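A.B. asks: just the structure for this:
(2 chains)
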Amino acid sequence: MRKSFLFSLAAVVAVMFSYTVPAHAKRGDITDFDKRDWMVVEPKVSDAPLRDYALCYDAGGVDGAIGVIGVPSMRTYRHIKCGVDMHNFPWSGSNAGNNNGTPDGKYLYVSDKGANTVVEVNLQTGWAERIFALPVPFGIHHSAALSPNGKYLWATGELSGRMLKLRLEDGATTVLEIPPAPSAPDYPDAGKAGRYVFSGNYYHSAVMVFSQDPFKLIKEIPVGKNPHGTNVSPTNRIVTVCDKLSATLSIIDTDKLKVARVIPVGAGPLHNQIDSLGKYDYISCFVSDSTSKVDLMRMQLVDEFPIHYRVGHNSIAPDDAYYMSQNKFSTGLFTPTGIVFAVNFELQDIDESSDTYGKSVKIFPVDGEPHEARQIFASLIQRWNTGKGDDLFNKGYDLGDWHVDFDHGPGLKGGVHPQLEPVHAANTKKWWVPRDDSKPGIVKKGDVYEVHIKAFSYGYVPRFIHVPQGAKVRFVFTNIDKAAGLTKNPDVTMGLAVYGYYGPRTMIIGPRGMSMIAEFVADKAGEYEFYCQHFCGPIHLEMRGTFFVDPPGGTASQSVGDYQSVSEQEQLLDATEGEWIVGTNKLRNTLHEGSEPTI
Amino acid sequence: MKKVSLIAAIFFGFAMFLTQPAEAGRYGNGSDARDTLQIGVIKTIGNRQFTLETRFEKTAKTYSITMHPKSYVLTNYRGTFKHFTDLKKGDLVAAYGYMKDGKWQARQVKILDPNHYLVKRLAADAKAGVYYKSER
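C.D. replies: Here you go, the predicted structure:
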């Protein structure tokens, strides 16, 4: 009896032990866990799908690339090299619809503020394919607006007070001067009925109205202080304008061409995105760290979501389920990886029927600095498996009933699709040094013009810089900003980029506590604006100066300079690729206004 | 004298009414053929044309919509492309396009899901008297 009891007890203990202490497989053993198919994700709420239903293309600002990010997984798929300082873009197709338009999946046209170009990116190959070399002087900021028929693009020359209309077939342009100075055409959108183009002008605190064909200024509509994001609703009835310094959203009636309503929103409204049915408008509010939601039927603010931190641009999923805040600062959220702090994207659930409505569902660091992003259904990008390239290039593809082919402008017919990698930074020597505390100004040391320049919120000293043509120039750039309280960031980065020819030569990065030196030769005469390319606060855009390279015996101006030469943009590509650069000053003002309908 | 003033006032008022720009007063009147987005239900369909009866407005209106040569049909769920022949009577759709050459031409027709939150919101708002396109 005693023996059998002990035997039973030993058996029970052995069984219990075998359940409570897992056997550790030896190294190299195959266990059941190893047999799991890692390509199959368990159906948990927190798991992202392996196949994203939408793609977000993001103009990455200072990294000179377009980022391609999956929605809703928020995984980065690739970066497409485009140039110097990328800002924003429309899709090819038509601008019918909301800010995402009705894309055909062929191209996007991204503005390069650093190089003064628009870069055509082939969405199917995933490479830059053509460069539109814009006239000089111009100083592009945004290329946000496409015509309803998809054949023309409007862009703002923020740095010279000009606007242009560009024919996508060949790069021909019409350039308009927008007086009185100072004038800064900023963020445009085109009416969807072929009639008007609207663009904010922050120095005028007004929205300018242009006719699409002939392209001419009709009027300016006074709005709040320093307007920025300007969007036409999908119904084409209203234009929503972010009054950056007034903390309001101005609603312009597109029939009467005057402000119909002013709606208070969060502080520092920068950009707005209207959903695809025109019901809600989502406004990024930089200072209040929030997204304001305005009901465009009720014409009132109906909700507000917190963001982390300092939102600039924003985008909305094609099915209106998600909204993405493209935040300028992360303020300690992520591990440092260098002297420039991380910036981030934040995905917010805007589906009112969802359990997580209004919540941030994902937040992650991104490369570069987030500028305009737009989202399309992933179904627009074709599944080109090995061996099917012939179909893409020669036969095109179908979007339901619409057969899309790739034939367009001169030089690109016959299935030719370049793989371009435009220069991001070149022809300069740059390095960081301990903080330079010498007086601001220009000092000649030997044959070098040493420019000691200080940057702060929101400006530069000196504001105007003159050097003779051919001079060796050394910028000694120091960030003396003390506005960390406003920006909630102890290390706000300042920058300096001279637009156009000197763009790849500058792109100076200035964190606090150190100085950056950039050396280059000022071999092309002209008057070129410089600007802060690292977002530093609500009046970041207004942080500007002018770099004059004076020709022998004269002074550079908007009409005196090597503008024909620099407009050729030969520096951006290898010499053998010059045929992929179109436009330039040669095609300036060559559109046949009044006979090139945009609808 | 009073009678002359009254007649003059009426005449002046009538003249003001006639000289109003055609667009004036559009806001608050519901949908309009010049809108570039129409939401509604397909009533008749065929030969790359369909008639659409608007929804979520105080007064439903009917528009004849022609498919632009460069147009497509897709679902709002995951952007699945469809053919025009997949559209059928009773479908709730959003048509994006514009008036050109006297025809309302669609560049995109999106088949809406009646259970989508925006559709439910527009329906609930209309029931409560907040009509689409701010119709009063």
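A.B. asks: drop to CA atoms for contacts and neighbour counts, all remaining ones
C.D. replies: Fine.
A.B. asks: now the helices for chain B?
C.D. replies: In chain B, the helices defined using DSSP state H lie at B:2-18, B:117-127.
A.B. asks: ranked by average pLDDT, which of those falls at the bottom?
C.D. replies: Mean pLDDT is lowest for helix B:2-18 out of these, coming in at a mean of 56.
A.B. asks: what does the pLDDT read for the closest residue to A:A184 other than its chain neighbours?
C.D. replies: Excluding its sequence neighbours, the residue lying closest to A:A184 (Cα to Cα, 6 or more residues apart in numbering or on different chains) is A:E158, at 4.4 Å. Here, the pLDDT recorded for A:E158 equals 96.
A.B. asks: mind checking which helix or strand A:G70 is in?
C.D. replies: strand A:65-71 (DSSP states H and E).
A.B. asks: now that strand: mean pLDDT?
C.D. replies: Mean predicted lDDT for strand A:65-71 stands at 96.
A.B. asks: so the helix or strand following that strand versus strand A:65-71, what angle?
C.D. replies: Sequence-wise, the next helix or strand downstream of strand A:65-71 (DSSP H and E) is strand A:76-81. Per axes from the mean of the first three to the mean of the last three Cα atoms, to 10 degrees, the angle that strand A:76-81 makes with strand A:65-71 is 160 degrees.
A.B. asks: what is the neighbour count of A:K388?
C.D. replies: 10 (other Cα atoms under 10 Å in any protein chain shown).
A.B. asks: and for the one 4 residues further on?
C.D. replies: The criterion is other Cα under 10 Å. On that basis, A:L392 has 18 neighbouring residues.
A.B. asks: contacts only, for it.
C.D. replies: Residues near A:L392 by Cα atoms under 8 Å, 6 or more residues apart in numbering or on different chains: A:W384.
A.B. asks: so it sits in a helix?
C.D. replies: Yes: assessed by DSSP: H, G, I helix; E, B strand; the rest coil, A:L392 belongs to a helix.
A.B. asks: for whichever residue of the stretch 351-500 of chain A sits closest to chain B, grab the count of nearby residues.
C.D. replies: The minimum distance from the stretch 351-500 of chain A to chain B, using Cα to the nearest Cα, falls at A:G400 (4.8 Å). For A:G400, the neighbour count with other Cα under 10 Å is 17.
A.B. asks: can you pull the contacts of it?
C.D. replies: Counted by Cα under 8 Å, 6+ apart, A:G400 has contacts B:72-74, B:81-84.
A.B. asks: just B:K58 next, same as before
C.D. replies: B:30, B:126, B:129, B:131, B:135-136.
A.B. asks: and chain B, which of its residues are near chain A?
C.D. replies: B:23-24, B:26, B:34-38, B:69-74, B:76-84, B:94, B:96-100, B:107-108, B:117-118, B:130-134 (Cα under 8 Å from any Cα of the partner chain).
A.B. asks: for the longest strand anywhere in chain B, packing partners?
C.D. replies: Scanning chain B for the strand with the most residues, using DSSP state E, yields strand B:62-75. Here strand B:62-75 touches strand A:402-404, strand B:49-54, strand B:81-82, strand B:103-111, going by 3 or more Cα pairs under 8 Å, 6 or more residues apart in numbering or on different chains; DSSP states H and E.
A.B. asks: let me have those strands in JSON lines, extended by mean pLDDT, mean neighbour count and distance to A:Q212.
C.D. replies: JSON lines is the format used below for these (pLDDT from 0 to 100; neighbours: other Cα atoms under 10 Å in any protein chain shown; distance: least, Cα to Cα, whole Å):
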{"stretch": "strand A:402-404", "mean pLDDT": "93", "mean neighbour count": "16", "distance to A:Q212": "26"}
{"stretch": "strand B:49-54", "mean pLDDT": "98", "mean neighbour count": "21", "distance to A:Q212": "28"}
{"stretch": "strand B:81-82", "mean pLDDT": "96", "mean neighbour count": "19", "distance to A:Q212": "31"}
{"stretch": "strand B:103-111", "mean pLDDT": "98", "mean neighbour count": "23", "distance to A:Q212": "19"}
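A.B. asks: save the ones you listed as CSV, and put in distance to A:K225 too.
C.D. replies: Formatted as CSV, the helices and strands packed on strand B:62-75 follow (distance: least, Cα to Cα, whole Å):
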stretch, distance to A:K225
strand A:402-404, 43
strand B:49-54, 38
strand B:81-82, 43
strand B:103-111, 36
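A.B. asks: can you say which of these is nearest to A:I307?
C.D. replies: strand B:103-111 (30.8 Å; Cα to Cα).
A.B. asks: and the angle for the closest one with strand B:62-75?
C.D. replies: Using the same axes, to 10 degrees: strand B:103-111 against strand B:62-75 is 40 degrees.
A.B. asks: can you tell me what sits against strand B:103-111?
C.D. replies: Here strand B:103-111 has contacts from A:94, A:96, A:102, B:33, B:63-68, B:70-76, B:91-99, using Cα under 8 Å, 6+ apart.
A.B. asks: and the residue lying closest to A:D351 once chain neighbours are set aside, its phi and psi?
C.D. replies: Counting by Cα to Cα, 6+ apart, A:D351 lies nearest to A:A321, which is 5.0 Å off, once chain neighbours are set aside. Backbone torsions for A:A321, taken as degrees, to the nearest 10, come to phi -90, psi -30.
A.B. asks: ok, now which ones touch residue 52?
C.D. replies: Since no chain was named, I'll use chain A. Residues near A:D52 by Cα under 8 Å, 6+ apart: A:70-73, A:378.
A.B. asks: my bad, chain B
C.D. replies: If you count contacts by Cα under 8 Å, 6+ apart, B:L52 has them with B:39-44, B:62-65.
A.B. asks: again, but for A:Y309
C.D. replies: Contacts of A:Y309 by Cα under 8 Å, 6+ apart are A:289, A:327-331.
A.B. asks: what is the burial count for the residue nearest to A:A184?
C.D. replies: 23.
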